[in-house]
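S.K.: Quick one, what's the 3D model for this:
(one chain, ligands or ions: 1)
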Amino acid sequence: MLETRCLHTASYKRDWSIVKISEYLLKVIEGIGITHGFSLVGGMAMHLNRAAGSGALTIVYCNHEQAVVAAADGFARADNFARPALAIVTSGPGVTNTITSVSSAYYDSVPMVLLSGQVKSADINSVGVRSFGAQETPHIALLRPITKASFSYDPSGCSNEQLGSMLALSMTGRKGPVHIDVPLDIQSQDVKTSDDVEEVVRTYCDILDADANQSLILPAELLDGLCQAKQPLLVLGNALKIASIAQDDVLSLVNCLNVPVLLTWASMDLLNYDHPLVFGCAGGLAGTHSNKILQSADFIIFLGTRLDLLTTGYNPSAYGKNAQRYVIDCDIAELGKLEGLPKLKTIRGDVRAAVAELTRVVALSEEKIRPWLALCRSWEVENKEAELNAFAEKKLNTYHIADCISGADSTRYVVPTASGFAVEGFARFYKTTRGSRFAWAGHVLGSMGLAIPSAIGAAVRLDECIACVDGDGGFLLNVQELYTIKANPQLSIAIFVLNNKGYASIVNSQTRAFHKTFGADSCSGLASIDFAKLADIATLEYRLCQTYEQLNDVVNSIAKGTRILVDIWMQDDGYRGPSISTKFDAEGRPYSTELEDISWR
Ligand SMILES: Cc1ncc(C[n+]2csc(CCOP(=O)(O)OP(=O)(O)O)c2C)c(N)n1
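M.R.: The predicted model follows:
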């Protein structure tokens with residue numbers, strides 16, 4: 001039922017004997033099923049670059065290392081997290097430039113192998129000065145806190161089995177990046193044979209197979225509680241996507257449990273929004289029905305969601321507060337942070353095993369919870385009416401832009417930025433239809449600038465037009481990647497710029513706090529952006545949209561092969577629907593609206 005964990009095809013040639021370490025590492029990479037990589041070259045990575053460029057891999061060369069890793073991240077998401085993505089960078093600035101996108105991949109559990117060159121062993125700082133080797137920085141110390149493993153590769157101290165185990169870390173447990181640093185002198189040593197490569201690959205595959213075959217016995221009290229509940233609820237998180245669980249298996253689970261389902265913003269494309277049991281994503285910016293359902297449930301299973309502060313409106317304690325809650329997740333630290341919350345029990349386990357076990361043992365009939373489902377559906381209808389009422393006029397606000405892009409067949413794979421006022425509204429109103437996919441660029445970190453490189457990665461992986469949704473501000477942070485798009489005319493990308501002429505999020509918060517703005521728009525220190533010129537650089541068609549009808553025409557003209565930049569001049573009063581807000585009590589103390597109380601204006 002699960003996708004194959006190890007994509008090793010044994011396709012690499014066995015008719016060679018001694019090769020350099022750099023070639024050995026790249027043959028291992030090919031052996032574990034990696035077909036594509038992203039890189040920006042450098043002197044200290046020269047042998048790695050040569051080995052990567054001369055083998056069977058397809059390497060896409062980006063123009064900044066932050067983009068190299070972000071593109072690898074986007075590739076892995078488009079690849080359903082089914083194998084690690086590959087990024088190759090040089091030492092010093094090559095590595096320091098990756099910090100933002102490596103931390104983003106780590107926080108989002110994106111499997112990846114990052115290979116970096118390092119200065120030769122004799123030049124590595126062992127004398128305690130501030131700087132010693134030319135273009136040397138302490139790669140391991142910098143990357144260890146934001147990777148699953150970061151180590152300097154030395155063949156005399158790392159067996160084939162150890163290398164296989166380190167690589168497998170990227171794909172097992174909670175997935176994430178693994179970093180391998182290779183000093184220049186080691187890259188060029190001649191020592192390895194095809195048998196060595198096979199041993200690494202075998203170890204890697206054995207570990208992945210064992211990981212895929214985990215089982216989970218669910219406690220009887222959970223199963224009893226679920227059967228007894230009058231208002232049960234299932235909340236599915238992004239871990240199901242990261243675990244590469246097929247959509248059909250998610251559907252089987254939902255159909256067996258037959259209870260209302262909520263998703264999170266990161267997992268919203270697990271199921272189509274119009275599935276009769278799906279009721280949106282609850283939280284601080286959400287439909288009123290989703291929050292009412294969450295807060296009225298008497299029994300909730302949170303599966304593969306870590307109940308982070310943004311999802312829970314900074315209050316995990318009150319998130320589903322009237323229910324007996326069970327949280328099933330593989331990360332012991334995430335579960336530990338929830339220990340002690342009222343009516344909440346944690347179960348450490350593999351989400352694939354949990355999905356399989358719940359599907360196997362539970363079969364609830366709709367009969368029993370018919371009144372609860374009817375209530376959920378009546379709240380959904382109320383919310384829909386309020387929504388249509390609030391956004392009756394078809395103008396270029398986040399509601400209609402999201403509605404237009406999510407409704408079209410041409411834009412089924414969407415890569416939105418995770419930063420910005422406009423895109424939050426866009427995500428809030430985006431509807432996954434007919435298997436469309438919503439692949440955040442850097443969801444947890446929320447960095448500006450990751451959307452374009454992430455979309456490039458997705459376009460390398462998929463044979464369709466990738467819709468990238470970015471803010472006008474965020475666009476500029478990796479603007480050099482327009483040259484990567486130019487250099488790769490085979491990539492089909494439609495960039496939708498939600499152009500509100502500045503940093504709307506910052507304008508809003510500064511205005512609220514100071515009644516003044518600083519560096520947030522063209523009145524306070526930023527230049528306005530000429531997107532027509534930028535499109536020209538990237539050899540993208542440029543289309544300006546100032547009305548909903550213009551956007552609709554553009555969206556309907558998109559097809560496989562399209563390369564376009566759509567400059568959407570937003571006509572927005574800033575309203576994004578019901579949202580949590582800070583209020584003040586009689587003594588002037590601030591407090592947040594309860595989720596179930598947030599409402600349409
Ligand atoms: C790398 C980075 N620097 C700064 C920020 C802080 N920040 C959050 S949103 C934002 C403005 C984003 O502007 P834009 O992309 O135009 O989106 P808008 O808010 O206008 O919708 C800034 C500066 C950030 N998220 N990431």
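
S.K.: which residues does Asp79 contact?
M.R.: If you count contacts by C-beta atoms under 8 Å, 6 or more residues apart in numbering, Asp79 has them with Ala85, Arg461. (Each C-beta comes from the backbone N, C-alpha and C, glycine too.)

S.K.: So what does it have for phi and psi?
M.R.: phi -90, psi 10 (degrees, to the nearest 10).

S.K.: Asp573 too?
M.R.: phi -100, psi 10.

S.K.: neighbours of it, just the number please.
M.R.: 7 (other C-beta atoms under 10 Å).

S.K.: Tally up the residues packed near the spatially closest residue to it that is not a sequence neighbour, please.
M.R.: Spatial nearest neighbour of Asp573, chain neighbours left out: Asn397 (7.5 Å); criterion: C-beta to C-beta, 6 or more residues apart in numbering. Residues lying near Asn397 (other C-beta under 10 Å) number 25.

S.K.: just checking, Asn397 touches Gln571?
M.R.: Yes. Counting by C-beta atoms under 8 Å, Asn397 does reach Gln571; the two are 6.4 Å apart.

S.K.: Let me know the distance separating the residue nearest to Asp573 from the ligand.
M.R.: 12 Å (C-beta to the nearest ligand atom, to the nearest Å).

S.K.: How about Asp403?
M.R.: To the ligand, Asp403 is 18 Å away according to C-beta to the nearest ligand atom.

S.K.: can you tell me which residues contact that residue?
M.R.: Residues in contact with Asp403 (C-beta under 8 Å, 6+ apart) are Phe429, Lys431.

S.K.: let's see it at 7 Å
M.R.: If you count contacts by C-beta atoms under 7 Å, 6 or more residues apart in numbering, Asp403 has them with Phe429.

S.K.: and what of Phe151?
M.R.: Applying C-beta under 7 Å, 6+ apart, the residues contacting Phe151 are Ile140, Met166, Ile180, Asp181.

S.K.: Please put the alpha-carbon coordinates of the strand or helix carrying Val95 into CSV.
M.R.: If you go by DSSP states H and E, Val95 is part of helix 93-96. Extracted in CSV, the C-alpha atoms of helix 93-96 (Å, rounded to 0.1, in the frame of the first residue of the first chain):
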residue,chain,number,x,y,z
PRO,A,93,30.4,31.4,1.4
GLY,A,94,28.9,28.5,-0.6
VAL,A,95,27.9,26.9,2.7
THR,A,96,27.0,30.1,4.6
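
S.K.: For the helix or strand following that helix, which outside residues touch it?
M.R.: Going down the chain from helix 93-96, the next helix or strand is helix 99-107, by DSSP H and E. With C-beta under 7 Å, 6+ apart as the test, helix 99-107 has contacts from 66, 69-70, 73, 112, 114, 142-143, 146-147, 176-177, 442, 444-445, 447, 450.

S.K.: quick one: the residue of the chain found nearest the ligand from Asn499, how far?
M.R.: Nearest residue of the chain to the ligand: Gly471, at 2.1 Å (C-beta to the nearest ligand atom). Counting by C-beta to C-beta, to the nearest Å, the gap from Gly471 to Asn499 is 8 Å.

S.K.: Inside helices: which ones of the contacts of Phe151?
M.R.: Ile140, Met166 (DSSP state H).

S.K.: which stretches of the stretch 451-600 of the chain form strands?
M.R.: All strands of the stretch 451-600 of the chain, identified by DSSP state E, counting those that start in this stretch, fall at 466-471, 493-499, 541-545, 563-569, 582-584, 590-592.

S.K.: Please apply the same query to the stretch 1-150 of the chain.
M.R.: 19-20, 36-39, 58-61, 85-89, 112-118, 149-152.

S.K.: quick revisit: wait, the residue nearest to Asp573 touches Trp569, no?
M.R.: No. Counting by C-beta atoms under 7 Å, Trp569 is not a contact partner of Asn397; they are 11.5 Å apart.

S.K.: ok, back up a step: can I get the strands of the stretch 451-600 of the chain in JSON lines including mean neighbour count?
M.R.: Listed next are the strands of the stretch 451-600 of the chain as JSON lines, based on neighbours: other C-beta atoms under 10 Å:
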{"stretch": "strand 466-471", "mean neighbour count": "28"}
{"stretch": "strand 493-499", "mean neighbour count": "26"}
{"stretch": "strand 541-545", "mean neighbour count": "17"}
{"stretch": "strand 563-569", "mean neighbour count": "23"}
{"stretch": "strand 582-584", "mean neighbour count": "9"}
{"stretch": "strand 590-592", "mean neighbour count": "11"}
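
S.K.: Lowest average pLDDT across those strands?
M.R.: Lowest mean pLDDT of the strands of the stretch 451-600 of the chain: strand 582-584, a mean of 76.

S.K.: elements contacting that one?
M.R.: strand 590-592 (3 or more C-beta pairs under 7 Å, 6 or more residues apart in numbering; DSSP states H and E).

S.K.: The strand it packs on packs against which elements?
M.R.: Contacting strand 590-592 under the criterion 3+ C-beta pairs under 7 Å, 6+ apart are the following elements: strand 582-584.

S.K.: who does the strand it packs on pair up with?
M.R.: strand 590-592 (antiparallel) (DSSP bridges).

S.K.: can you give me the end-to-end distance of stretch 474-492?
M.R.: For stretch 474-492, the first-to-last residue distance is 21 Å (C-alpha to C-alpha, to the nearest Å).

S.K.: no, scratch that, I was asking about stretch 180-199
M.R.: 18 Å.

S.K.: Next, the buried residues of it.
M.R.: By 16 or more other C-beta atoms under 10 Å, the buried positions in stretch 180-199 come out as 180-184, 186-189, 192, 194, 196-199.

S.K.: Surely Glu464 is in contact with Val414?
M.R.: No. The criterion here is C-beta under 7 Å, and Glu464 misses it with Val414 at 11.3 Å.

S.K.: most tightly surrounded among the strands of the stretch 1-150 of the chain?
M.R.: strand 85-89 (a mean of 30; mean count of other C-beta atoms under 10 Å).

S.K.: Of all residues in this structure, which one is nearest the centre?
M.R.: Among the residues of the chain, the one closest to the centroid is Trp440, at 4.7 Å (C-alpha atoms, centre = their mean).

S.K.: Excluding chain neighbours, what is closest to it?
M.R.: Ala418 (5.0 Å).

S.K.: next one: Leu335
M.R.: Thr346 (4.0 Å).

S.K.: Pretty sure the one you found sits in a strand.
M.R.: Yes. Under DSSP: H, G, I helix; E, B strand; the rest coil, Thr346 sits within a strand.

S.K.: rewinding a little: show me which pair in the contacts of Phe151 is furthest apart.
M.R.: Using C-beta to C-beta, the contacts of Phe151 span at most 12.8 Å, a distance reached by Ile140 and Met166.

S.K.: Counting neighbours, go ahead and name the busier of the two.
M.R.: Met166 (22 against 17).

S.K.: Do I have it right that that one meets Thr147?
M.R.: No. With contact defined as C-beta under 7 Å, Met166 and Thr147 do not form a contacting pair (10.7 Å).

S.K.: between the two, what contacts are shared?
M.R.: Val178.

S.K.: Could you pick out the longest helix of this protein?
M.R.: The chain, longest helix under DSSP H: helix 370-390.
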